[in-house]
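>>> I'll drop the sequence and a predicted model, then ask my questions.
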Amino acid sequence: MTPRVRFAPSPTGYLHVGAARTALYNYLFAHHNGGTFILRSDDTDTARGADEFQEDILEHLGWLGLEWDEGTVVGGPHGTYRQSDRYDRYRSVAQALVNSGSAYYSFATAEQLDAFKREAREAGTSPAYDGSLEPSESEVAERLAAGETAVVRFKVPRPGATVFADIVRGDMRFEHAQVDDFVILRSNGTPTYHLASTVDDVDYGITHVIRGEDLLSSTPKHILLTRAMGSDPAIYAHLSLLMGPDGKKLSKRHGDTAMAAYRGAGYLPEAMNNYLALLGWNIGDDETIASLNEMVDRFDLTTVSKNPAVFDPKKLEWMNGVYIRDMDDAEFLEVTLPLVEEVVGRTFSRDDRARYAMLVPLVKERTKLLPEVASQARFLFVDIDEYDEKAWSKVMAVDEGPIALDGAVAALEALDSWTTDGIDTALRSMLEEHELSARKGLQPIRVAISGSTVSPPLFESLEILGRDEALSRIRTARAALS
RNA sequence: GGCCCCGUCGUCUAGAGGCCUAGGACGCCGCCCUCUCAAGGCGGUAGCGUGGGUUCAAAUCCCAUCGGGGCUACCA
């Protein structure tokens, strides 16, 4: 049996990192086992659903490279894979369930339900609505005929229990006394999540349901529903939830949770996938870095951790740096060029581009987040209009400042081969001549050409900047010093 | 309140009775390298929630306890 798994987000928000991890695990499981990864849109919550969210989810799943074999947009044998297109199907299942005695119409009011829960709580028992408010058949007929609206509830068989073997949790058992007669069809005729999701899982031949732990206690409902439809339940695997640094379920108040925010902040999809995979699963052999394909090869759902994991942006950032350093220069140039152009404020000419290409290997290994390249490369393309205040007072307006600058001008003017090596040699002998330490003697030059005490390596920077511009900047700084 | 899940360094984890004076990674600290910043190299800091058992032997098994989390909607 080849597995069929699905990622079924509800478009009630942007794709967040926790959902992305669930999608990733489904993807890894499907591919490892030669199965099918399906994307479905569980949009039964019409009040909250939005096209904007749906698009965001599709967009970022694509960005992560978690392509689906069947489902939304790409299609397949089951239509649009959008629940809002299948209301007739859900309604007919609900009706069939009523006909077979597995479900019933309910007129219970919010007040009645509240009272029921309150009593249960006071008695210290489970608040599960136990069907004692189920109306008689004749009453249903009468009230429906009179135009009253009703919900359809699933009749949970009591006493009894549902047991199942969860791949990550192990053996589960839920007493039916704890499960209430949940609504499957709302009074407006739309299905609830439980019905729609279960019907789809059955109709689409889903073999493994891999989802968040928040659905663990709903699983007996889904199993009961599946059996009532005459089918065998899927195998379930409930993933622990992602937490914020305070140990609470990860949410907006912990900072960014939307995948779009991470993409915008300069994270690479490869790093994101790698990091997310590690939250609850280990590649093995003390390994941390692995490509999507390597992870597919090694993925094993049975070794997934049960503990909730704290999402740690620090490690993600480190990992992003690893992936950035691993990019080849040409690729790095392509993805970062727009970022630099934006900060510089102009579209690059051939010459700009060529000079940036020379700088690329230097900034690449100094970058953890893509946008950082802009501040590192900026000096190459704009005039130095102001010097960092601290840099000026600490390295320029001191005894060594003018000496180093004058020495640099003299040494560089006399230099005939404007190369990193040539500059290196010339400046080092200048240092010796004036008895300056490398630190004291070179920092003023760095500040003069970049405006800051932090820049890419000096000799290379000077070479790329070009003789005229370099000398001009050093003279300008020297003049500002007198 | 009820039901369910979880509990190894600050964080992600390895560990399925002796291989553990608990391993790896991020972070943090120190040293080295070094023209700054990174990167890199080397070293260090730090953990089995607690209390009882079982056993020659427990991070690993049992019980209790404490802590955290989820669900408890005509949300998903």
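Yep, it's here.
>>> And the strands in chain A?
For chain A, the strands defined by DSSP state E occupy A:4-7, A:36-39, A:70-71, A:103-106, A:151-154, A:161-166, A:170-175, A:183-185, A:208-212, A:235-239, A:242-243, A:309-310.
>>> want to throw those into TSV with distance to RNA strand B and mean pLDDT?
Quick note: C-beta positions are derived from backbone N, CA and C, even for glycine. As requested, the strands of chain A are exported to TSV (distance: least, C-beta to the nearest atom of the strand, whole Å; pLDDT from 0 to 100):
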stretch	distance to RNA strand B	mean pLDDT
strand A:4-7	12	98
strand A:36-39	14	98
strand A:70-71	15	96
strand A:103-106	8	94
strand A:151-154	5	95
strand A:161-166	8	93
strand A:170-175	6	90
strand A:183-185	4	96
strand A:208-212	8	97
strand A:235-239	8	96
strand A:242-243	6	92
strand A:309-310	3	94
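>>> Using CSV, lay out those strands together with mean neighbour count.
Below are the strands of chain A laid out as CSV (neighbours: other C-beta atoms under 10 Å):
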stretch, mean neighbour count
strand A:4-7, 25
strand A:36-39, 23
strand A:70-71, 20
strand A:103-106, 23
strand A:151-154, 24
strand A:161-166, 15
strand A:170-175, 13
strand A:183-185, 24
strand A:208-212, 22
strand A:235-239, 22
strand A:242-243, 22
strand A:309-310, 17
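>>> Including distance to residue A:227, could these go into JSON lines?
JSON lines is the format used below for the strands of chain A (distance: least, C-beta to C-beta, whole Å):
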{"stretch": "strand A:4-7", "distance to residue A:227": "19"}
{"stretch": "strand A:36-39", "distance to residue A:227": "22"}
{"stretch": "strand A:70-71", "distance to residue A:227": "25"}
{"stretch": "strand A:103-106", "distance to residue A:227": "13"}
{"stretch": "strand A:151-154", "distance to residue A:227": "11"}
{"stretch": "strand A:161-166", "distance to residue A:227": "9"}
{"stretch": "strand A:170-175", "distance to residue A:227": "14"}
{"stretch": "strand A:183-185", "distance to residue A:227": "14"}
{"stretch": "strand A:208-212", "distance to residue A:227": "15"}
{"stretch": "strand A:235-239", "distance to residue A:227": "14"}
{"stretch": "strand A:242-243", "distance to residue A:227": "32"}
{"stretch": "strand A:309-310", "distance to residue A:227": "33"}
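>>> Which among those strands is found nearest to residue A:219?
strand A:235-239 (5.7 Å; C-beta to C-beta).
>>> contacts for the closest one?
A:21-22, A:25, A:164-169, A:207-213, A:215-216, A:219, A:280, A:301, A:304 (C-beta atoms under 8 Å, 6 or more residues apart in numbering).
>>> Then stretch A:112-124?
Outside stretch A:112-124, the residues touching it (C-beta under 8 Å, 6+ apart) are A:126, A:127, A:128, A:129, A:133.
>>> What of stretch A:247-254?
A:16, A:17, A:18, A:241, A:242, A:243, A:244, A:245, A:246, A:257, A:310, A:311.
>>> Establish whether it and RNA strand B are in contact.
Yes - contact of stretch A:247-254 with RNA strand B (C-beta under 7 Å from any atom of the strand) involves A:247, A:248, A:249.
>>> out of the residues you listed, which one sits closest to RNA strand B?
Taking C-beta to the nearest atom of the strand as the measure, residue A:249 is the one of the residues of stretch A:247-254 next to RNA strand B closest to RNA strand B, at 3.2 Å.
>>> Count the neighbours of the closest one for me.
15 (other C-beta atoms under 10 Å).
>>> Kindly report the same for residue A:421.
10.
>>> mind listing what residue A:232 touches?
residue A:226.
>>> And it, how far from residue A:207?
10 Å (C-beta to C-beta, to the nearest Å).
>>> returning to what we had before: could you find which two of the contacts of stretch A:247-254 are furthest from each other?
Among the contacts of stretch A:247-254, A:16 and A:246 lie farthest apart (C-beta to C-beta), at 17.2 Å.
>>> Compare these two (neighbour count), which wins?
residue A:16 (23 against 10).
>>> hang on, the earlier thing: any of the contacts of stretch A:112-124 buried? List them.
A:128, A:129, A:133 (16 or more other C-beta atoms under 10 Å).
>>> can you pull the pLDDT of the second one?
The one in question is residue A:129. pLDDT for residue A:129: 75.
>>> could you pull out the helices for the stretch 201-350 of chain A?
A:219-228, A:259-264, A:269-278, A:292-298, A:313-326, A:329-344, A:350-364 (DSSP state H, counting those that start in this stretch).
>>> Run the angle between the first one and strand A:161-166 for me.
In terms of direction (axes from the mean of the first three to the mean of the last three C-alpha atoms, to 10 degrees), helix A:219-228 departs from strand A:161-166 by 100 degrees.
>>> Give the rounded mean pLDDT of helix A:219-228.
Mean predicted confidence for helix A:219-228 is 97.
>>> Spell out which parts of the stretch 201-350 of chain A neighbour RNA strand B.
A:213-218, A:240-241, A:243, A:247-249, A:278-280, A:282, A:286, A:288, A:303, A:305-310, A:312, A:314-315, A:318, A:321-322, A:325.
>>> Please pick the buried ones from these.
Buried among those (16+ other C-beta under 10 Å): A:213, A:215-216, A:218, A:240-241, A:243, A:278-280, A:308-309, A:321.
>>> which of those residues sit farthest apart?
A:218 and A:321 (40.0 Å).
>>> that older thread, would JSON lines of the buried ones among the contacts of stretch A:112-124 with distance to residue A:151 be doable?
Output for the buried ones among the contacts of stretch A:112-124, formatted as JSON lines (distance: C-beta to C-beta, whole Å):
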{"residue": "A:128", "distance to residue A:151": "16"}
{"residue": "A:129", "distance to residue A:151": "11"}
{"residue": "A:133", "distance to residue A:151": "12"}
